[in-house]
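> Build me a structure from this.
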Amino acid sequence: MPLTRLPRPQDGVVLIIALILLVVISLLAVTSVRNAGSTASVSGNVRTTELATQAAEIALRYCEDSILQVPDSDGGQPTYTLNGRNIEQVSISPDTPPKWQDTANNWDSASTKAFALSLDLVNQAGMSDKTYKRPPECMVERLSTTGDTTSSFVVTARGFGPEVVEADASRSRPVGSEVWLQSHIRSQ
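Modelled structure (predicted):
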């Protein structure tokens, strides 16, 4: 009779290694899905901020052109709705802050000093879905000093992202993406 060896009892090492590998692979999968979700969120935020920046740039250029009365592409004088009534007079003084800094009274109030552009200037014509709901705004302040023969202006503009709802009757503070831009212009 040949000698037969009895099967050796299993220690279960393979099962333990398989479970550890399963946990590691599951953690890698969860991390990968979480990273993909946060990347999409960051991309959405970048897009929204870029759209708000573009709206602010449109408002800034509109108000600058209004001050300088830059001719349009046909060579004719443009017609702007921004006029002398919309330009604030500011005396340069360390005691008096510029009007554009007072957001509660000069931007977000029913008696706003800010000039709101037409939504037609920022939304693409012919599209059923409008990108922007709230138009960009600008404020022009003429700086005056005694004995100054030049005209100096501070142009401040703010643009809103596509998620910002249109201004209500009381012009409450907007919620969402908001970009501020400013330029200084001196003309003779």
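> which stretches of the protein form strands?
Secondary structure of the chain (DSSP state E): strands at 87-91, 115-116, 137-144, 151-160, 178-187.
> Mind listing the strands the second one pairs with, and their directions?
Listed by DSSP bridges, the sheet partners of strand 115-116 and their directions read strand 137-144 (antiparallel).
> Off-centre distance for the partner strand?
From the chain centre to the centre of strand 137-144 is a distance of 21 Å (Cα atoms, centre = their mean, to the nearest Å).
> Spatially central, which residue of the chain would that be?
Nearest to the geometric centre of the chain sits residue 52, at 3.0 Å (Cα atoms, centre = their mean).
> Does it touch residue 179 like I think?
Yes. With contact defined as Cβ atoms under 8 Å, residue 52 reaches residue 179; the gap is 4.2 Å. C-betas here are computed from N, CA, C, even on glycine.
> what do those two both touch?
159, 160 (Cβ atoms under 8 Å, 6 or more residues apart in numbering).
> returning to that earlier point: and the strands of the chain: which comes nearest residue 31?
Closest to residue 31 of the strands of the chain is strand 178-187 (Cβ to Cβ; 33.3 Å).
> which residues sit against the closest one?
Residues outside strand 178-187 that contact it (Cβ under 8 Å, 6+ apart) are 49, 52-53, 55-57, 59-60, 64, 67-68, 100, 150-161, 164.
> for stretch 167-177, same thing?
With contact meaning Cβ under 8 Å, 6+ apart, stretch 167-177 is reached by 48-49, 51-52, 103, 108-110, 112, 116, 134, 160-161, 163-165.
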